[in-house]
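Asks: requesting a structural model of the entry that follows:
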Amino acid sequence: MGLFDRLATWLGLKKKSTSVLCVGLDNSGKTTIINRLKPEKAQATDIVPTIGFTVEKFDSQNLAFTVFDMSGQGRYRNLWEHYYKDAQAIIFVIDSSDRFRVVVAKDEFDLLLNHPQVKDRKMPILFFANKMDCKDALSAVKCSQLMALDQVRDKPWHICASNALTGEGLDEGVAWLSDQICSFVK
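Replies: You can find the predicted model right below:
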């Protein structure tokens with residue numbers, strides 16, 4: 001980074017860039033969450049299931065995010081590991097209304113945590129317990145228990161109850177993630 005880039009960043013004229021991987025099972029709301037975080041003019045009106053992955057960009061107060069929105073369909077989950085190396089953080093979306101598939105989400109999360117390119121890195125992980133508007137949705141605390149997040153001791157993590165359709169909980173999560181990434185970059 002050149003002198004002018006550093007000065008612009010320091011003065012707040014240029015935001016630091018960060019790469020984030022967004023994963024979770026299919027139909028958990030990953031794409032809807034990322035879409036909701038983009039500026040209103042850039043938001044899509046129709047959300048369709050992601051095939052493979054898409055790359056989206058949005059800004060927080062102090063960071064410019066590039067998010068790799070990965071498909072959660074079983075046949076595409078093996079693609080996730082190809083993006084671990086360059087990710088500075090992970091967003092893991094849990095469908096809190098699908099009690100039975102939380103077990104599958106936990107298995108996928110365990111595979112992610114034990115991958116060699118993730119295991120020894122202190123990257124922050126933001127969890128969205130999404131679809132809180134659904135009847136009988138599990139609380140964020142219950143999702144945390146079922147995912148055994150209390151066992152994650154070598155990475156900072158945070159879970160937010162969210163509703164991707166209304167945006168509830170998204171700003172809180174992104175604020176936490178921004179703070180974590182900025183504390184690692186310093």
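Asks: what segments of the chain are strands?
Replies: 16-24, 53-59, 63-70, 89-95, 125-130, 157-161 (DSSP state E).
Asks: closest to L146 out of the ones you listed?
Replies: Taking C-beta to C-beta, strand 89-95 is the member of these nearest to L146, at 8.6 Å. C-beta: built from backbone N, CA, C; applies to glycine.
Asks: residues of that closest one that come out buried?
Replies: Residues of strand 89-95 classed as buried: 89-95 (neighbour count, 16 or more other C-beta atoms under 10 Å).
Asks: I'd like the strands of the chain laid out as JSON lines, including mean pLDDT.
Replies: Converted to JSON lines, the strands of the chain look like this (pLDDT from 0 to 100):
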{"stretch": "strand 16-24", "mean pLDDT": "95"}
{"stretch": "strand 53-59", "mean pLDDT": "93"}
{"stretch": "strand 63-70", "mean pLDDT": "95"}
{"stretch": "strand 89-95", "mean pLDDT": "98"}
{"stretch": "strand 125-130", "mean pLDDT": "98"}
{"stretch": "strand 157-161", "mean pLDDT": "98"}
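Asks: okay, the ones you listed, which one's buried deepest?
Replies: strand 125-130 (a mean of 27; mean count of other C-beta atoms under 10 Å).
Asks: and that one, what does it pack against?
Replies: Under the contact criterion of 3 or more C-beta pairs under 8 Å, 6 or more residues apart in numbering; DSSP states H and E, strand 125-130 touches strand 89-95, helix 140-146, strand 157-161, helix 170-185.
Asks: what about stretch 72-82, start to end distance?
Replies: Stretch 72-82 has an end-to-end distance of 14 Å (C-alpha to C-alpha, to the nearest Å).
Asks: distance to K38 added to the strands of the chain, as TSV?
Replies: Formatted as TSV, the strands of the chain follow (distance: least, C-beta to C-beta, whole Å):
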stretch	distance to K38
strand 16-24	13
strand 53-59	5
strand 63-70	9
strand 89-95	14
strand 125-130	16
strand 157-161	18
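Asks: quick one: closest of those strands to S144.
Replies: strand 157-161 (5.1 Å).
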